[in-house]
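> Generate coordinates for the sequence data below:
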Amino acid sequence: SPASSGPPQPTEDVTAGTGEELPQAFIVGLEKAPAHIGRLLLVLGGAYLIRALAGDEQVPALAGVGAGLCYGLMWLVFAERAGRRGDAHASTWHGVAAAAIVYPLLWETAARFGIISFYVASAVLLGATLAAFWIAARRTLPVLAAGFAGAAGICGLALMVSSGEASVPASLALFGLGLAGLVLGRRFVLMAAMSTTAASVDAAALVLGIVAVRGAGVPASTAIVLLVLFFVAYVTVIAEGALAGRWRLDGFDRSQTCVVLLLGFGGAMFVARRTAMYELGLGLGAVVLAMGLYLLAFTVLDRERRR
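Numbers count the residues shown, from 1 in each chain. Now for the predicted structure:
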């Protein structure tokens, strides 16, 4: 019949252009996942071997901790090398191995066994996470940065909850990571890491204030100073970036400024009120702070209107 005559027409792919096809990078990642998971399990097996040797006193406890940390950080070096080759999948999985070894080891050796001090554990936490941020920024690995930010936040908060003595060093480490995440997140578009570190910092400020009020290992004066510094540092970085034109203020900046005002300066006021310390000084500081923020807001708005 006429309807059936003529050469066969090519069949159109109804899924083409509809967004239903999977990205090639995602498909490659799925194909390589079994190999990466198998290697990850082998890596974790090596970490447990080191732990078993230290637990059975085959090696001194401190030497076992050092060996475990070196072993975990070695995989962070491998993550950097894989990122240099352009293999983002291998780099991310190496980073997962490093985080899965280093952070649980820090918590266990500091909070559970007391082999290392909380200050040492917090310093290693800060250094390892900053190294991961540096690798992620250089090699454009946002997943690696977000994963380390989340793991560091969980480890730091776990240290703070485990003992009041850990609240000061762990909160300092998390405050530093929050500022680093803010700067690197804006400069290298590591938005997930920036949001994750901000959440960790906010939680650390809340825990620090609660521990200070309860008198569980943190002097009220120390908590007040740290909370005020946390607020001032965060607002300074955000304001400097906006005034210098490094980035435009968005919803994250506005909401995070409100949160750090509440948990930082507000937390310091709460601790001062409950412990009757520095109430007058914080009251005067609040007046000066309000005037400064008011002036800052008008300055930022004026610059944005001129652009």
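> What's the first helix or strand after the helix or strand residue 211 falls within?
Element membership of residue 211 [criterion: DSSP states H and E] is helix 191-214. Remark: after helix 191-214, the chain's next helix or strand is helix 220-243, criterion DSSP H and E.
> Send me that next one as CSV with only the CA atoms.
The C-alpha atoms that make up helix 220-243 are tabulated as CSV, following Å, rounded to 0.1, in the frame of the first residue of the first chain:
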residue,chain,number,x,y,z
ALA,A,220,32.9,30.6,81.5
SER,A,221,35.4,33.4,80.7
THR,A,222,37.1,31.2,78.1
ALA,A,223,33.8,30.2,76.5
ILE,A,224,32.7,33.9,76.3
VAL,A,225,36.0,35.0,74.7
LEU,A,226,35.8,32.1,72.1
LEU,A,227,32.2,32.7,71.3
VAL,A,228,32.8,36.4,70.7
LEU,A,229,35.9,35.8,68.6
PHE,A,230,34.0,33.2,66.6
PHE,A,231,31.3,35.7,65.8
VAL,A,232,33.7,38.6,65.0
ALA,A,233,35.9,36.4,62.8
TYR,A,234,33.0,35.0,60.8
VAL,A,235,31.4,38.4,60.2
THR,A,236,34.8,40.0,59.4
VAL,A,237,35.5,37.4,56.7
ILE,A,238,32.0,37.8,55.2
ALA,A,239,32.2,41.6,55.3
GLU,A,240,35.7,41.8,53.9
GLY,A,241,34.7,39.6,51.0
ALA,A,242,31.6,41.7,50.2
LEU,A,243,33.4,45.1,50.6
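> Mind giving me the packing neighbours of that helix?
helix 167-188, helix 191-214, helix 251-260, helix 266-275, helix 279-306 (3 or more C-beta pairs under 8 Å, 6 or more residues apart in numbering; DSSP states H and E). For the C-beta atoms, the positions are set from N, CA and C on the backbone; glycine is no exception.
> Pull out the buried residues from the helix holding residue 211.
192-213 (16 or more other C-beta atoms under 10 Å).
> picking that back up, Serialize the helices and strands packed on helix 220-243 to TSV and add fields for mean pLDDT and distance to residue 37.
Output for the helices and strands packed on helix 220-243, formatted as TSV (pLDDT from 0 to 100; distance: least, C-beta to C-beta, whole Å):
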stretch	mean pLDDT	distance to residue 37
helix 167-188	92	28
helix 191-214	92	22
helix 251-260	89	34
helix 266-275	86	42
helix 279-306	65	48
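> would JSON lines of the ones you listed with distance to residue 60 be doable?
Below are the helices and strands packed on helix 220-243 laid out as JSON lines (distance: least, C-beta to C-beta, whole Å):
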{"stretch": "helix 167-188", "distance to residue 60": "24"}
{"stretch": "helix 191-214", "distance to residue 60": "32"}
{"stretch": "helix 251-260", "distance to residue 60": "43"}
{"stretch": "helix 266-275", "distance to residue 60": "41"}
{"stretch": "helix 279-306", "distance to residue 60": "48"}
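> Of these, which is nearest residue 40?
Distance to residue 40, taken as C-beta to C-beta, is lowest for helix 191-214 among the helices and strands packed on helix 220-243, at 21.1 Å.
> For the closest one, name the packing helices and strands.
Applying 3+ C-beta pairs under 8 Å, 6+ apart, we find helix 191-214 packed against helix 142-162, helix 167-188, helix 220-243, helix 251-260, helix 266-275.
> Could you check how many residues crowd around the nearest residue to residue 115 once chain neighbours are set aside?
Counting by C-beta to C-beta, 6 or more residues apart in numbering, the nearest residue to residue 115 once its immediate chain neighbours are dropped is residue 109, at 4.4 Å. Neighbour count for residue 109, taken as other C-beta atoms under 10 Å: 24.
> surely residue 109 meets residue 63?
No: Residue 109 lies out of contact with residue 63 (C-beta atoms under 8 Å); the separation is 11.9 Å.
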